[in-house]
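A.B. asks: sequence plus the predicted model coming up.
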Amino acid sequence: MPELPEVEVSRMGISPHLIGEKIAKLTFRTPKLRWDIPVELKKLEGQVVRNITRRAKYLLIETDAGSAIVHLGMSGSLRVLDAEIAPGKHDHVDLKLANGKVLRYNDPRRFGAWLWSEDGHHSVLENAGPEPLTDEFNAEYIAAKAINKKVAVKQFIMDNKVVVGVGNIYANESLFSAGIHPTKAAGQLTERQWQLLVVEIKQVLDTAIKQGGTTLKDFAQADGKPGYFAQELQVYGKKGEPCPQCAGPIEELKIGQRNTFFCNQCQKK
């Protein structure tokens with residue numbers, strides 16, 4: 001599913017086309033995605049898009065009347081197209097602009113969401129931890145959160161209440177780069193290990209954003225071009241392949257029902 005870099009790349013891709021433009025019409029071709037589509041979203045019609053921001057994996061299309069909160073789910077994507085282009089089978093939402101363009105939401109699995117907020121707050125955003133690329137997310141903060149925690153460090157850094165947006169791909173990659181075994185209890189990491197891991201999380205996410213997000217199956221950028229970070233993955237999806245550091249085999253196991261890839265030689269318990 002799209003992770004934080006993919007969502008951020010989508011925000012960056014659509015923002016120049018929407019900010020400052022008037023919303024002429026909203027069209028919903030299904031009454032429900034992951035949740036029912038609220039009728040209040042129609043309040044956006046006639047409003048000017050003031051900004052597009054991101055919180056965790058949610059995009060907020062902000063106007064003076066309120067905001068649409070958009071989640072891409074497992075397979076959702078956003079494109080800016082000419083409004084004359086006919087919608088396809090899985091094109092569920094059109095946000096038509098007065099300038100003749102349309103922001104089109106495509107979602108084959110319909111696990112995404114379009115929600116409404118008058119003030120930028122919503123239950124889906126409550127209890128979210130700090131953004132990983134901000135100064136608020138640092139070694140001191142997360143080490144304090146981890147005290148006495150027996151949960152595997154991989155699960156811990158993927159907990160949105162601890163820090164938002166460190167999804168499965170980037171948790172695997174960050175732990176490998178920091179040399180930390182994914183099964184190690186969060187409460188057992190040293191201060192030095194947390195410092196390394198925070199640096200690697202920020203670096204991996206930043207690199208992925210700059211390279212356009214990770215293309216696996218469904219993700220492509222707002223302009224239709226795929227992301228390129230998949231070419232740079234060191235361990236994710238590489239079971240049995242040689243470790244890029246020691247040439248030993250990359251191993252795989254399940255942690256919290258998620259596929260986990262690591263090197264037993266280079267990542268210490």
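C.D. replies: Now that the structure is in, tell me what you want to look at. Numbers count the residues shown, from 1 in each chain.

A.B. asks: which strands or helices does the top helix by length along the chain pack on?
C.D. replies: Across the chain, the longest stretch assigned as helix under DSSP state H is helix 191-210. Contact partners of helix 191-210 among helices and strands, from 3 or more C-beta pairs under 8 Å, 6 or more residues apart in numbering; DSSP states H and E: helix 4-18, helix 139-146, helix 153-157, helix 168-178. Yep, even glycine has a C-beta here, placed from its N, CA and C like the rest.

A.B. asks: 6 Å instead?
C.D. replies: Applying 3 or more C-beta pairs under 6 Å, 6 or more residues apart in numbering; DSSP states H and E, one finds that helix 191-210 makes contact with helix 4-18, helix 139-146, helix 168-178.

A.B. asks: and that helix, how far out from the chain's middle?
C.D. replies: On the basis of C-alpha atoms, centre = their mean, to the nearest Å, helix 191-210 sits 16 Å off its chain's mean C-alpha point.

A.B. asks: tell me which residues of that helix come out buried.
C.D. replies: Using 16 or more other C-beta atoms under 10 Å as the burial criterion, the residues of helix 191-210 that qualify are 193-198, 200-202, 204-205, 208-209.

A.B. asks: next: stretch 74-81.
C.D. replies: By neighbour count on 16+ other C-beta under 10 Å, the buried set for stretch 74-81 is 75-80.

A.B. asks: what of stretch 134-150?
C.D. replies: Residues 137, 139, 141-143, 145-146, 149 are the ones in stretch 134-150 that count as buried (16+ other C-beta under 10 Å).

A.B. asks: what's the answer for stretch 233-247, then?
C.D. replies: If you call a residue buried by 16+ other C-beta under 10 Å, then stretch 233-247 has these buried ones: 233-236, 238, 243.

A.B. asks: before we move on, what about stretch 99-114?
C.D. replies: Residues 101-107, 110, 112-114 are the ones in stretch 99-114 that count as buried (16+ other C-beta under 10 Å).

A.B. asks: got it, and stretch 252-269?
C.D. replies: Under the neighbour-count criterion of 16+ other C-beta under 10 Å, stretch 252-269 has 252, 255, 258, 260-263, 266-267 buried.

A.B. asks: before we move on, what about stretch 41-60?
C.D. replies: Neighbour-count burial for stretch 41-60, counted by 16+ other C-beta under 10 Å, picks out 41, 43-44, 47-49, 52, 54-60.

A.B. asks: from these, pick the one nearest residue 70.
C.D. replies: Minimum distance to residue 70 across these is 4.5 Å, recorded for residue 59 (C-beta to C-beta).

A.B. asks: right, and the helix or strand after the strand or helix carrying the closest one?
C.D. replies: Assigned by DSSP states H and E, residue 59 belongs to strand 58-62. Once the chain leaves strand 58-62, the next helix or strand it forms, by DSSP H and E, is strand 67-71.

A.B. asks: partner strands of the next helix or strand along the chain from that next one, with direction?
C.D. replies: Using DSSP H and E, the next helix or strand after strand 67-71 towards the C-terminus is strand 77-82. Sheet pairing of strand 77-82 (DSSP bridges) gives strand 101-106 (antiparallel).
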